[in-house]
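# Got a predicted model here, sequence first, then my questions.
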Amino acid sequence: MKIRHKTFAVIFTTLFAFCGGALVVPGHAQGIPAKAGAGSAPPIRLLDAALVAKDPVRLMPDDIAAAMTFRNDSGSDPAPTATWSKAAKADGAVPVLRVENFNRPKSADHVEVKWPIRVPIKRGDVLLARFFARAEYARQESGEAMFQFEVRQSLPGFARHVLLALTAGPEWALIEIPFVATADADTTQGEIHLSFGTIPQAVQIASVEVLNFGNRATVAELPQTRFTYKGREAGAAWRQAALARIEKIRTAPMEVRVIDAMGKPVPNARVEVRLARPAFLFGTEVDAPLLLEDSPIAKRYRDTITALFDTVVIGNGMKWPKWSGSAASRAEALRAADWIESQDLRMRGHNLVWPGDKFSPRRVAAMPAPRSELSPLIKEHIRDIMTATKGRVVGWDVINEMAHEKDYFKYMPETEAAEWFKVARETDPRAKLFINEYGMLNSRNSPNMIAEYVALVQRLLAAGAPIDAMGIQGHVGRQMRSPEDVLTDLDLLAVPGLELQITEFDINTPDEALQADYTRDFLIALYSHPSVTGFTKWGFWQGRHWKPDAAMFRTDWSEKPSAKVWRDLVRGQWRTHVDTKTDSKGKLSTRGHLGDYEFTVTAGEKIAKQMRTLPRSGSSITIQIP
């Protein structure tokens, strides 16, 4: 998760929304993404007949494979590849371009393909780009491939007609981009580019076309790729069932009886019942340096944390490289922990071991084979940081992304990871011990990754690892999995005796309405599943977010719709607050969400307070007015 690659700057010459999931093109037929495996053919999606009648001119060369230029300035080893193949269809074969990038170049355009335009364009011409795209694989948490589409001039200055950062999931999706030419270009000047040098990935592209409508169409008339997800609609049956399930598994009955000093019932006493700390964790990642800063922005940051969350995780300060980097960085992390504790917030620890060399202290990556000192060094680090934070951390991500990051296991057996859990348990017996992983709940490939993850966990358990919980990061890109499928995925994840928690949730999309709706539905789905015990966001403010579009608050602290969703559910509907009076028998009966409650009773000038935990079985409390 964390800062591994920067979000592209997106330059629009027209309004365009690309937000992931099922395709909805206003004014045109709705399409459903085709089921696709590696090498499968893209579906056929013909241009609307009314647009065909406007006689658009094709800009792509007749033979796009022969006319394509592949640029590789990455310096990577192995070198990126760009190959054409034929995907069989009932009515013929569709040429499919496959671009694979094995490493992470410095810039997207260090790995790209391009074509010259076959006919000139004029400034002000209205154009439409259309192509299918899918990710065969992508080495990032959402599982989505990242690439850029660009039409520009080849002359010095490289004037752009359109530049757009895009993503693609594992299913074929039609991308339609309307735009306006910003300058004249003849066939020696105009170029069409697709750039892939972002992350290690294999991307498939098919049926590329760029159509010039001249002045015979407007941007508003052309289709634009918009995405939604199944189950988004108001009154969706899955949502109604989930809300009913929440009432059943997340709430319990409470009975309050108020008596006076003589033990007699006190009718008409005011009783305020407030959920002080939910049993379910609702948390966020925080930036330790900003948390400790003395500035108006830092104060706003801290106030927002205490207003919206009950659990926090320090984003970088407790990772091994940062923790061991210097005495100053360690002291900073501990001062941040002091503030968290002073606010009566719970703290998660992230992370003890991230078994990839690039996420390790430099001395680890520099170790020569066979690295016999690596495992003892890991155990020493676990004891060091867990001793320093003992009793303050409710749960530790002991191992992060073990299914993906395997550098350490070139030098030791996989079962050695079980020993790290044992050391963690010995060092801080009260902390829950997590394994944490990505690539689930966010695409149709989720069940495959879940099967791999569950098998890994079961192997570690068999080796004696005292694992308490499985973390699912929950990074969601622009192609969103339906809530019904998310619930099915959670069933697949359930390992007897282990909790599930969402540990790093975010939705990286510029479509704020879609982001808000999916935040609502993802929260409802997760809170309704009995195996899930926590939900942590990976940041909330755009000014300190690894994926700025995913934040709930913009840089100027204005709220996005997703912030309202969080407040309405997490701090509203699911944060029980009852203020009423006892009946004639001095009693009050109600229901509340599970957790620790503060009861305040007022009878005349007298006030009494009590704290009590509400478990699944319910609670009955008697409060005596002095």
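The structure has been received and is ready for your questions.

# Show me which residues of the host helix or strand of Glu484 are buried.
Under the criterion of DSSP states H and E, Glu484 resides in helix 483-493. Buried residues in helix 483-493, counted by 16 or more other C-beta atoms under 10 Å: 483-487, 489-490, 493. C-beta here means a position set from N, CA and C on the backbone, and glycine is covered the same way.

# got it, and stretch 553-571?
Buried, per 16+ other C-beta under 10 Å, within stretch 553-571: 553, 560-563, 565-566, 569-570.

# And for it, what's in contact with it?
Contacts with stretch 553-571, where a contact means C-beta atoms under 8 Å, 6 or more residues apart in numbering, come from 282, 300, 304, 307-308, 507, 512-513, 515-517, 519-520, 523-524, 540-543, 548, 551-552.

# got the CA coordinates for it in PDB?
Extracted C-alpha coordinates of stretch 553-571, given in PDB (Å, rounded to 0.1, in the frame of the first residue of the first chain):
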ATOM      1  CA  PHE A 553     -11.500  15.400   2.400                       C
ATOM      2  CA  ARG A 554     -10.100  17.600  -0.300                       C
ATOM      3  CA  THR A 555      -6.800  19.500   0.200                       C
ATOM      4  CA  ASP A 556      -8.800  22.600   1.400                       C
ATOM      5  CA  TRP A 557     -10.600  20.300   3.900                       C
ATOM      6  CA  SER A 558     -13.900  20.500   2.100                       C
ATOM      7  CA  GLU A 559     -15.800  17.300   2.400                       C
ATOM      8  CA  LYS A 560     -16.400  14.900  -0.400                       C
ATOM      9  CA  PRO A 561     -19.700  12.900  -0.500                       C
ATOM     10  CA  SER A 562     -17.900   9.800   0.900                       C
ATOM     11  CA  ALA A 563     -17.100  11.800   4.100                       C
ATOM     12  CA  LYS A 564     -20.800  12.300   4.700                       C
ATOM     13  CA  VAL A 565     -21.400   8.600   4.100                       C
ATOM     14  CA  TRP A 566     -18.800   7.700   6.700                       C
ATOM     15  CA  ARG A 567     -20.200  10.200   9.200                       C
ATOM     16  CA  ASP A 568     -23.800   9.100   8.700                       C
ATOM     17  CA  LEU A 569     -23.100   5.400   9.100                       C
ATOM     18  CA  VAL A 570     -20.100   5.100  11.400                       C
ATOM     19  CA  ARG A 571     -20.700   8.100  13.700                       C
END
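
# Can you show me the strands along the stretch 51-200 of the chain?
Listed in chain order, the strands of the stretch 51-200 of the chain (DSSP state E, counting those that start in this stretch) span 57-58, 69-72, 81-89, 92-101, 111-116, 126-138, 145-153, 160-168, 173-180, 190-195.

# Just put those strands in JSON lines and tack on mean neighbour count, mean pLDDT and distance to Ala261.
Below are the strands of the stretch 51-200 of the chain laid out as JSON lines (neighbours: other C-beta atoms under 10 Å; pLDDT from 0 to 100; distance: least, C-beta to C-beta, whole Å):
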{"stretch": "strand 57-58", "mean neighbour count": "14", "mean pLDDT": "96", "distance to Ala261": "90"}
{"stretch": "strand 69-72", "mean neighbour count": "14", "mean pLDDT": "93", "distance to Ala261": "85"}
{"stretch": "strand 81-89", "mean neighbour count": "14", "mean pLDDT": "78", "distance to Ala261": "83"}
{"stretch": "strand 92-101", "mean neighbour count": "18", "mean pLDDT": "87", "distance to Ala261": "76"}
{"stretch": "strand 111-116", "mean neighbour count": "21", "mean pLDDT": "95", "distance to Ala261": "80"}
{"stretch": "strand 126-138", "mean neighbour count": "23", "mean pLDDT": "95", "distance to Ala261": "68"}
{"stretch": "strand 145-153", "mean neighbour count": "23", "mean pLDDT": "91", "distance to Ala261": "69"}
{"stretch": "strand 160-168", "mean neighbour count": "22", "mean pLDDT": "83", "distance to Ala261": "67"}
{"stretch": "strand 173-180", "mean neighbour count": "22", "mean pLDDT": "91", "distance to Ala261": "71"}
{"stretch": "strand 190-195", "mean neighbour count": "22", "mean pLDDT": "94", "distance to Ala261": "78"}
